[in-house]
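>>> the following comprises the amino acid sequence and a computationally predicted model.
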2 protein chains.
Amino acid sequence: MDDARSRLIESTRDLLWERGYTGTSPKAIQQHAGVGQGSMYHHFAGKAELASAAIRSTAEEMVPGFRRHLDGPGSPLERLRAYLLADRDVLRGCRVGRLVQDKEVVADPTLRGPIDDVFSSALERLAAVLREGQHAGEVRGDVAPEQVAITLLSVVQGGFVVARAHQDKERFVAAVEGALSLLTPPEPRRSGKRTGPATPR
Amino acid sequence: MDDARSRLIESTRDLLWERGYTGTSPKAIQQHAGVGQGSMYHHFAGKAELASAAIRSTAEEMVPGFRRHLDGPGSPLERLRAYLLADRDVLRGCRVGRLVQDKEVVADPTLRGPIDDVFSSALERLAAVLREGQHAGEVRGDVAPEQVAITLLSVVQGGFVVARAHQDKERFVAAVEGALSLLTPPEPRRSGKRTGPATPR
DNA sequence: GTCTATAGGAGGATAGAC
DNA sequence: GTCTATCCTCCTATAGAC
């Protein structure tokens, strides 16, 4: 798979990640891929079609990515933790999440569709694992799994944003650690008084 | 304040929100503001300087925006709820959050600085209100306020992203409702068994 | 302060030769 | 399949007149 077509898709994936849709030009793609003008327009009708292929490629490879954690070994809570704390290139942001800022991406169903799909797929798995966790008593039982799944996906996506704003990867870690700390059922309380933070100050 | 300078800043704010930094051209700003080429370059050295002024303007007006909720009337939890559920143009995204995807914004301290500042300011207030809520017994006491503050800001920022990906404002609402449901101290449990979701299915 | 002119390069694509 | 030529518009300014 080292033909021009594959290299074009690969380059587009990289550039979309780094510069977004608007910021990625056909010329830049060609140069990054080491492929001529004519070659690119032979394989793809234009920028949008190429981007569509690249986004689909990225989206499709993300599914096994999070499934590996969410459907992996360990207790439900351990799997959630594995997903949330998975190794990520935090300061670069989410390959698909960053694209939804682009007007053109959101306006074009062939560009937005794959992103919609990965997110839906992730939400489904997250909700399922949360439910499992509730049955196991690892996750507090008085919350709605489908809703909290959206919360968790948002923490991840927002963690990228906050970390980039501060140029500090640790913000992402703090965001997901905070979410994890809220997920577990707390120790039973006696009265209405608090028990104090687990990590004081 | 209806002079050319103000109109340029106002237009830049709008266009940055809609198209991001890369997607916003001087020409588009001029047309949107009804101001000529020469006028723009008289008031500002170039695109970056104009964007810097616009971002600073936006960032500065956001602080009283969230303070109004977080420092407002009501119990700590009510204030957090007011902030998280505040009226937002969800599908348009966050005026400042969306900008940190832009390479150029993150690379230029005069562009990223104001964003860094609003976020820091929001985190500080969120942590303070969370602490208050813990003292009042409204927020579970066994979590770290500074960390959960980052989680909440991430939920908001990520809620924008997820909602845009699905083109569904309700995803944002679900994300923050889920976060709120995790914040409160749960009813004391008897054994290791769950009590069942408050909102089943 | 604002206008017009000018400019070199990039963006996005089409056409036809090889 | 790939290459080169060509096209028209936009991008981001600079220069100088009014």
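Yep, that arrived. As the structure is a computational prediction, the values presented were derived from the model and not from experiment. Numbering: from 1, shown residues only, chains lettered A, B, ... in the order given.
>>> need the longest helix for chain A.
Using DSSP state H to define each element, chain A has its longest helix at helix A:109-135.
>>> output the contacting helices and strands for that one.
Packing partners of helix A:109-135 (3 or more Cβ pairs under 8 Å, 6 or more residues apart in numbering or on different chains; DSSP states H and E): helix A:47-70, helix A:76-84, helix A:103-107, helix A:145-166, helix B:145-166. (Each C-beta comes from the backbone N, C-alpha and C, glycine too.)
>>> go through these and name the closest to DNA strand C.
Nearest to DNA strand C among the helices and strands packed on helix A:109-135 is helix A:47-70 (3.5 Å), distances taken as Cβ to the nearest atom of the strand.
>>> in CSV, list the helices and strands packed on helix A:109-135 along with mean neighbour count, distance to B:Asp89 and mean pLDDT.
Below are the helices and strands packed on helix A:109-135 laid out as CSV (neighbours: other Cβ atoms under 10 Å in any protein chain shown; distance: least, Cβ to Cβ, whole Å; pLDDT from 0 to 100):
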stretch, mean neighbour count, distance to B:Asp89, mean pLDDT
helix A:47-70, 18, 25, 98
helix A:76-84, 20, 29, 98
helix A:103-107, 17, 14, 98
helix A:145-166, 27, 17, 99
helix B:145-166, 27, 10, 99
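>>> about what we covered before: how about the longest helix of chain A: buried residues?
For helix A:109-135, a neighbour-count test (16 or more other Cβ atoms under 10 Å in any protein chain shown) marks A:111-112, A:114-119, A:122-123, A:125-134 as buried.
>>> need the helices and strands packed on helix A:109-135 in JSON lines (columns: distance to A:Gly20).
Converted to JSON lines, the helices and strands packed on helix A:109-135 look like this (distance: least, Cβ to Cβ, whole Å):
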{"stretch": "helix A:47-70", "distance to A:Gly20": "10"}
{"stretch": "helix A:76-84", "distance to A:Gly20": "25"}
{"stretch": "helix A:103-107", "distance to A:Gly20": "8"}
{"stretch": "helix A:145-166", "distance to A:Gly20": "13"}
{"stretch": "helix B:145-166", "distance to A:Gly20": "13"}
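>>> residues in chain A within reach of DNA strand D, list them.
The interface of chain A toward DNA strand D, taken as Cβ under 7 Å from any atom of the strand, is made up of A:Asp3, A:Ala4, A:Arg5, A:Val35, A:Gly36, A:Gln37, A:Gly38, A:Ser39, A:Tyr41, A:His42, A:His43.
>>> now the fifth one: closest residue in space, sequence neighbours ignored.
Counting by Cβ to Cβ, 6 or more residues apart in numbering or on different chains, A:Gln30 is the residue found nearest to A:Gly36 once chain neighbours are left out, at 6.5 Å.
>>> tell me the helix or strand right after the strand or helix carrying the one you found.
Taking DSSP states H and E as the criterion, the element that holds A:Gln30 is helix A:26-33. Scanning forward in sequence from helix A:26-33 by DSSP H and E, the next helix or strand is helix A:37-43.
>>> which residues sit against that following helix?
When contacts are defined by Cβ atoms under 8 Å, 6 or more residues apart in numbering or on different chains, helix A:37-43 is touched by residues A:Ala4, A:Arg5, A:Leu8, A:Pro26, A:Lys27, A:Ile29, A:Gln30, A:Ala33, A:Leu50.
>>> ignoring the adjacent residues along the chain, who's closest to the last one?
Spatial nearest neighbour of A:Leu50, excluding adjacent residues (Cβ to Cβ, 6+ apart): A:Phe44 at 4.2 Å.
>>> the fifth one now?
Ranked by Cβ to Cβ, 6+ apart and with sequence neighbours excluded, the top spatial neighbour of A:Lys27 is A:Gln37, at 8.0 Å.
>>> before we move on, what about the second one?
By the measure of Cβ to Cβ, 6+ apart, the closest residue to A:Arg5 outside its immediate chain neighbours is A:His43, 4.7 Å from it.
>>> chain center to stretch A:20-40: distance?
25 Å (Cα atoms, centre = their mean, to the nearest Å).
>>> is DNA strand C within reach of it?
Yes. Against DNA strand C, stretch A:20-40 shows contacts by Cβ under 7 Å from any atom of the strand at A:Thr22, A:Thr24, A:Ser25, A:Pro26, A:Lys27, A:Ala28, A:Gln37, A:Gly38.
>>> export those residues as JSON lines, with columns for pLDDT and distance to B:Lys169.
Shown next, in JSON lines, are those (pLDDT from 0 to 100; distance: Cβ to Cβ, whole Å):
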{"residue": "A:Thr22", "pLDDT": "98", "distance to B:Lys169": "24"}
{"residue": "A:Thr24", "pLDDT": "98", "distance to B:Lys169": "28"}
{"residue": "A:Ser25", "pLDDT": "98", "distance to B:Lys169": "32"}
{"residue": "A:Pro26", "pLDDT": "98", "distance to B:Lys169": "34"}
{"residue": "A:Lys27", "pLDDT": "98", "distance to B:Lys169": "37"}
{"residue": "A:Ala28", "pLDDT": "98", "distance to B:Lys169": "34"}
{"residue": "A:Gln37", "pLDDT": "96", "distance to B:Lys169": "42"}
{"residue": "A:Gly38", "pLDDT": "96", "distance to B:Lys169": "44"}
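>>> can you select the buried ones from the residues you listed in ChimeraX?
To isolate the buried subset of these in ChimeraX, counting by 16+ other Cβ under 10 Å, use the following:
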select /A:22,24,26
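>>> take the residues of stretch A:20-40 next to DNA strand C and write them to JSON lines, including distance to B:Met62.
As requested, the residues of stretch A:20-40 next to DNA strand C are arranged in JSON lines below (distance: Cβ to Cβ, whole Å):
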{"residue": "A:Thr22", "distance to B:Met62": "24"}
{"residue": "A:Thr24", "distance to B:Met62": "30"}
{"residue": "A:Ser25", "distance to B:Met62": "33"}
{"residue": "A:Pro26", "distance to B:Met62": "37"}
{"residue": "A:Lys27", "distance to B:Met62": "37"}
{"residue": "A:Ala28", "distance to B:Met62": "34"}
{"residue": "A:Gln37", "distance to B:Met62": "44"}
{"residue": "A:Gly38", "distance to B:Met62": "49"}
